[in-house]
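Peer 1: fold the following.
(2 chains)
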Amino acid sequence: DAGVIQSPRHEVTEMGQEVTLRCKPISGHNSLFWYRQTMMRGLELLIYFNNNVPIDDSGMPEDRFSAKMPNASFSTLKIQPSEPRDSAVYFCASSSRQGANSPLHFGNGTRLTVT
Amino acid sequence: KQEVTQIPAALSVPEGENLVLNCSFTDSAIYNLQWFRQDPGKGLTSLLLIQSSQREQTSGRLNASLDKSSGRSTLYIAASQPGDSATYLCAAHGSSNTGKLIFGQGTTLQVKP
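Peer 2: Modelled structure (predicted):
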């Protein structure tokens, strides 16, 4: 079990640039979640997918953020254009079935710095 | 709207002490409550999951309890070790039909040798 794999581990970019974060969930897991973590706001759920379909994107801050899950083994979170306030650690997590009683497995995160 | 609070924000104890971390939530209609551990620069690791019908779960030196009526959960760590130093987060799961976890801000624990 390789765990949830995120890339890159660190991303530094200039304001206005497009940023793409990538996630490979654990094989066989059918729910995937994108979280953002900052000191001020803690962990916030941005969006989650079940069976590759977005279920709840109410946490996506604004139209600059978009997420896709083209297949069961890959998801992207894109920010275009990026702003300094987007600086945070972005986590991807997966679980084996929709709903509760299935623990989330987190990746190690992507630390994004927008200058 | 569910809100999850953890107090204290930080805790420092000498090795060997038993300790309790607290978590409170505003909406008692939760489906389960989960405790996670986060090491610096790492993701979160699931420690314990308590279903709404359960009152506690145990794993090794860890014991988590759940009291829905009072909106509280505690994580008990027995015989603390320096390796237990990390940030501990609790998260409330509000519905059986979604995967939405609402996290507390965490308690950062330091166990001194």
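Peer 1: need the contact list for the residue in chain A positioned nearest to chain B.
Peer 2: Residue nearest to chain B within chain A: residue A:106 (3.4 Å; Cβ to the nearest Cβ). C-beta: built from backbone N, CA, C; applies to glycine. Going by Cβ atoms under 8 Å, 6 or more residues apart in numbering or on different chains, residue A:106 touches A:4, A:35, A:91, A:92, A:93, B:36, B:43, B:44, B:45.
Peer 1: need those residues in TSV with neighbour count and pLDDT, can you?
Peer 2: Formatted as TSV, those follow (neighbours: other Cβ atoms under 10 Å in any protein chain shown; pLDDT from 0 to 100):
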residue	neighbour count	pLDDT
A:4	23	96
A:35	26	95
A:91	26	97
A:92	28	96
A:93	29	94
B:36	25	96
B:43	22	90
B:44	29	93
B:45	15	94
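Peer 1: wait, residue A:11 touches residue A:18, no?
Peer 2: No: counting by Cβ atoms under 8 Å, residue A:11 stays clear of residue A:18, with 11.0 Å between them.
Peer 1: neighbour count winner among those two?
Peer 2: residue A:11 (19 against 11; other Cβ atoms under 10 Å in any protein chain shown).
Peer 1: for that one, give me its contacts.
Peer 2: A:19, A:21, A:110, A:111, A:112, A:113.
Peer 1: now do the contacts for residue A:21.
Peer 2: Shown in contact with residue A:21 (Cβ under 8 Å, 6+ apart): A:6, A:7, A:8, A:11, A:76, A:77, A:78, A:90, A:92, A:110, A:112.
Peer 1: in JSON lines, list those residues along with secondary structure.
Peer 2: JSON lines is the format used below for the contacts of residue A:21 (DSSP: H, G, I helix; E, B strand; the rest coil):
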{"residue": "A:6", "secondary structure": "strand"}
{"residue": "A:7", "secondary structure": "strand"}
{"residue": "A:8", "secondary structure": "coil"}
{"residue": "A:11", "secondary structure": "strand"}
{"residue": "A:76", "secondary structure": "strand"}
{"residue": "A:77", "secondary structure": "strand"}
{"residue": "A:78", "secondary structure": "strand"}
{"residue": "A:90", "secondary structure": "strand"}
{"residue": "A:92", "secondary structure": "strand"}
{"residue": "A:110", "secondary structure": "strand"}
{"residue": "A:112", "secondary structure": "strand"}
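Peer 1: any regions of the chain where pLDDT drops low?
Peer 2: Answering for chain A, as no chain was given. Along chain A, segments meeting pLDDT under 70 span A:1, A:98-100.
Peer 1: the chain in question should be chain B.
Peer 2: For chain B, the ranges with pLDDT under 70 are B:95-99.
Peer 1: give me every residue in it lying close to chain A.
Peer 2: With Cβ under 8 Å from any Cβ of the partner chain as the criterion, chain B comes near chain A at residues B:31-32, B:34, B:36, B:41-46, B:49, B:51, B:89, B:91, B:93, B:95-106.
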